[in-house]
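Participant: model this:
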Amino acid sequence: MAQCCRQLAERGLIAGQDGNLSVRVGRDRALVTPSGVIKALLGPLDMVEVDLRGRKRRGRRNPTTELDLHLRILTRRPDVGAVVHAHPPAATGFAVAGQSFPIFVLPELILQCGEVPLVPYGTPGTPELGNRLEPYLDGHEVWLLANHGAVTVGSTLDAAWIRMESLEHGARIIWYARALGGVNQLTPDAVARLEGETRRGRTRWKREPDA
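Facilitator: Numbers count the residues shown, from 1 in each chain. As a prediction, the model looks like this:
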């Protein structure tokens with residue numbers, strides 16, 4: 001988690017005390033980043049263990065002020081093992097502009113991120129933010145938070161982290177394409193072929209016999 005925080009800061013996806021992470025630990029616990037700390041300076045001992053009701057179980061610091069947001073996701077989505085909340089500049093630009101995020105422009109965005117809902121604004125650090133997100137929780141792994149930032153999830157921290165980087169990388173490419181005159185979206189047929197090949201590839205991999 002500390003390494004992920006440092007990488008997010010080094011790549012400009014968070015600044016100062018911005019952003020927060022959570023990782024599921026066992027059936028009813030999670031490790032979360034602390035509040036009020038520069039994320040690039042965090043170490044392993046700074047993480048805080050909480051239960052899924054939000055009660056602190058271990059740690060010398062207080063949990064993130066966005067704890068409610070993380071617990072809503074972890075409670076509602078048992079398939080999620082980790083949550084990353086950051087403020088990636090290019091992607092957050094879409095959230096500030098109130099624009100939908102076009103995923104059908106790059107194979108990586110389609111496969112890594114899928115549809116990216118734009119969640120209406122909710123006050124950070126309050127239950128309002130979780131209330132705004134909840135209707136969009138099922139069936140998505142990436143969300144833009146209006147006038148705020150982005151959230152990604154995954155079965156592991158690496159998966160959620162990769163999605164956050166893919167989201168921002170794709171957003172930058174889209175901004176560049178717009179500056180050059182426009183964004184060409186993939187056709188529905190191209191998207192269907194991509195998804196079909198991906199499914200077949202995963203099936204072949206699962207059936208691959210051990211050497």
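
Participant: all the strands of this protein, residue numbers only.
Facilitator: Along the chain, the stretches classed as strands by DSSP state E are 20-25, 29-32, 48-51, 56-58, 82-86, 118-119, 142-145, 149-154.

Participant: export those to TSV and append columns for mean neighbour count and distance to residue 103.
Facilitator: For every residue, glycine as well, the C-beta is placed using N, CA and C. Listed next are those as TSV, based on neighbours: other C-beta atoms under 10 Å; distance: least, C-beta to C-beta, whole Å:
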stretch	mean neighbour count	distance to residue 103
strand 20-25	23	24
strand 29-32	22	28
strand 48-51	18	33
strand 56-58	12	37
strand 82-86	28	18
strand 118-119	20	12
strand 142-145	25	9
strand 149-154	25	13
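
Participant: with distance to residue 163 and mean pLDDT added, can I get those strands in a markdown table?
Facilitator: Converted to a markdown table, the strands of the chain look like this (distance: least, C-beta to C-beta, whole Å; pLDDT from 0 to 100):
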| stretch | distance to residue 163 | mean pLDDT |
| --- | --- | --- |
| strand 20-25 | 13 | 98 |
| strand 29-32 | 18 | 99 |
| strand 48-51 | 23 | 98 |
| strand 56-58 | 28 | 97 |
| strand 82-86 | 8 | 99 |
| strand 118-119 | 16 | 99 |
| strand 142-145 | 6 | 99 |
| strand 149-154 | 4 | 99 |
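
Participant: what is the helix ranked longest in the chain packed up against?
Facilitator: Taking DSSP state H as the criterion, the chain has its longest helix at helix 157-179. Packing partners of helix 157-179 (3 or more C-beta pairs under 8 Å, 6 or more residues apart in numbering; DSSP states H and E): helix 2-10, strand 82-86, helix 89-97, helix 107-112, strand 149-154.

Participant: same for the third one, what does it pack against?
Facilitator: For helix 89-97, the elements it packs on are strand 142-145, strand 149-154, helix 157-179, judged by 3+ C-beta pairs under 8 Å, 6+ apart.

Participant: residue 61 is nearest to which of those?
Facilitator: Residue 61 lies closest to helix 157-179 among the helices and strands packed on helix 89-97, at 19.1 Å (C-beta to C-beta).

Participant: avg pLDDT for that closest one?
Facilitator: Averaged across helix 157-179, the pLDDT comes to 98.

Participant: now that helix against strand 20-25, angle please.
Facilitator: Angle, helix 157-179 to strand 20-25, by axes from the mean of the first three to the mean of the last three C-alpha atoms, to 10 degrees: 150 degrees.

Participant: how many neighbours does the residue nearest to residue 121 when sequence neighbours are not counted have?
Facilitator: Counting by C-beta to C-beta, 6 or more residues apart in numbering, residue 146 is the residue found nearest to residue 121 once chain neighbours are left out, at 4.2 Å. Counted with other C-beta atoms under 10 Å, the neighbours of residue 146 add up to 17.
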